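>>> quick one, structure for this:
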Amino acid sequence: MCEHFNNFFSTFVNQYVAVQQFSSNFDKLSEMLNSRINSDDAFSIPQLTEEEVCSYLRNLDTHKATGLDGLSHKILKMSTYLIAPSLTKIFNKSLSSRMFPTKWKTSKIIPIYKSGSKCDVNNYRPIAILCAVSKVLERHVHNHLYQFLVSHNLLHHAQCGFRRNHSCETGLCKLVDMWTSNMESGLINGAVLIDLRKAFDMVDTDLLLRKLAVYKCDDLTLTWFKSYLQERDQCVHFKGTLSSKKSSLYGVPQGSILGPLLFIMFINDLPLYVNSNTVLHRHRAATLNSNLRVEFNGNGVQLKNTNNEKIVGVVMNEHLSWKQQIDKVAKSLIKGIHLLRQIKEYLPIGHRVIYYKCFLQSHIDYCCTV
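Numbering: from 1, shown residues only. Reported below is the predicted structural model:
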């Protein structure tokens with residue numbers, strides 16, 4: 001069964017991406033970046049100090065699952081000051097030699113059942129688990145790369161996913177503000193919602209590396225990223241059994257620290273090629289055109305017109321009345337409220353408050369400012 005899962009998870013993306021034709025025209029991206037970065041500015045990954053390694057280790061989430069190396073986040077955190085000197089040397093050797101350790105490039109995939117028949121692999125979602133040690137080095141690279149992007153204002157203002165002080169709520173607020181403004185001006189709003197299926201897995205790593213060069217990453221950094229992204233593999237762990245390894249030819253690593261940042265850099269130039277307002281999120285890109293002159297052809301797929309649609313979990317309709325969203329939230333609360341009534345005689349008030357915040361208030365608060 002493990003082998004069957006691994007074949008399914010690995011071949012779907014490889015077969016799909018192999019037949020796609022990706023544009024390699026970076027003119028608009030280069031124009032935007034060159035207007036914001038000095039010609040002599042370049043990004044390079046600095047060496048680590050023991051103090052930095054200790055800080056990264058102390059901030060590890062001990063609730064995360066353990067990778068194939070068997071080293072848990074908890075063990076690493078407990079032994080911070082013992083292992084920091086050795087890890088510092090290993091990390092700096094990786095950066096100076098421009099090589100990401102091969103042992104850290106294997107993902108352990110856990111199939112999580114969603115719904116439907118348990119005998120159908122399509123009804124399982126893959127969760128990737130990486131070695132905890134690799135995430136310490138990734139955190140260092142991520143922090144410095146993100147700071148470079150922010151300090152030079154290189155991330156498009158429409159990019160709301162995987163950014164500090166940004167969220168689904170940020171993107172929805174931008175959309176509602178635009179739509180409300182258009183309605184008050186007597187304009188008609190039209191939106192094309194594009195579902196980015198298997199977003200991380202579909203990234204072409206060769207194209208990403210070329211974009212990283214446009215972002216002014218120096219040669220040493222590009223070589224390190226090439227080692228980090230390419231020649232990765234995965235195996236599936238299911239019911240105590242581990243499958244053989246399968247190569248991952250495409251995509252940024254799921255479950256990684258760098259993956260989300262590399263993904264938003266990959267799609268950062270998308271709004272530059274859309275002649276309308278765009279809001280980006282990992283799962284869905286919303287494109288707004290107030291005069292409705294939208295020409296869109298997604299491999300011959302016919303677009304379906306709807307009066308309401310769910311955008312990152314919030315139901316929007318053509319009048320922005322929120323009726324469907326209120327009904328959706330109310331429906332999700334009914335079962336939880338009924339259960340809360342049943343357990344109130346058996347749990348103290350403190351435990352009931354925890355239950356309320358986890359299973360009820362979270363539904364009420366989600367994107368409530370929109």
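
>>> any idea how far the residue nearest to Val252 when sequence neighbours are not counted lies from Gly161?
Spatial nearest neighbour of Val252, chain neighbours left out: Gly259 (4.1 Å); criterion: CB to CB, 6 or more residues apart in numbering. For the C-beta atoms, the positions are set from N, CA and C on the backbone; glycine is no exception. Distance of Gly259 to Gly161, computed by CB to CB, to the nearest Å: 12 Å.

>>> ok, Val314 next?
15 Å.

>>> next one: Leu196
Taking CB to CB as the measure, Leu196 and Gly161 are separated by 10 Å.

>>> more neighbours, those two?
When Leu196 is set against Gly161 and neighbours are counted by other CB atoms under 10 Å, the residue ahead is Gly161, at 22 against 15.

>>> show me the residue sitting in the middle of this structure in space.
Taking CA atoms, centre = their mean, the centroid of the chain lies closest to Pro260, which sits 4.1 Å from it.

>>> doesn't Gln159 make contact with that one?
No. The pair Pro260 / Gln159 is not scored as a contact, 11.3 Å apart, by CB atoms under 8 Å.

>>> burial of Ser243, as a residue count?
By the other CB under 10 Å criterion, the neighbourhood of Ser243 contains 21 residues.

>>> what does Ile354 give?
For Ile354, the tally of surrounding residues (other CB under 10 Å) stands at 11.

>>> quick one: contacts for the residue nearest to the centre of the chain?
Applying CB atoms under 8 Å, 6 or more residues apart in numbering, we find Pro260 in contact with Gly161, Phe162, Phe200, Val252, Arg282.

>>> and the residues you listed, which is the shakiest by pLDDT?
The lowest pLDDT within the contacts of Pro260 belongs to Arg282, with 50.

>>> which strands or helices does the helix or strand harbouring Leu29 pack on?
Under the criterion DSSP states H and E, the helix or strand holding Leu29 is helix 27-34. In this structure, helix 27-34 makes packing contacts with helix 205-214, judged by 3 or more CB pairs under 8 Å, 6 or more residues apart in numbering; DSSP states H and E.

>>> CA atoms only: put the helix it packs on into CSV for me.
Taking Å, rounded to 0.1, in the frame of the first residue of the first chain, the C-alpha atoms of helix 205-214 are listed here in CSV:
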residue,chain,number,x,y,z
THR,A,205,12.6,24.6,-10.2
ASP,A,206,14.6,25.5,-13.3
LEU,A,207,12.4,28.5,-13.8
LEU,A,208,12.5,29.4,-10.1
LEU,A,209,16.3,29.4,-10.2
ARG,A,210,16.3,31.8,-13.1
LYS,A,211,13.9,34.0,-11.3
LEU,A,212,16.1,34.0,-8.2
ALA,A,213,18.9,35.3,-10.5
VAL,A,214,16.6,38.2,-11.5
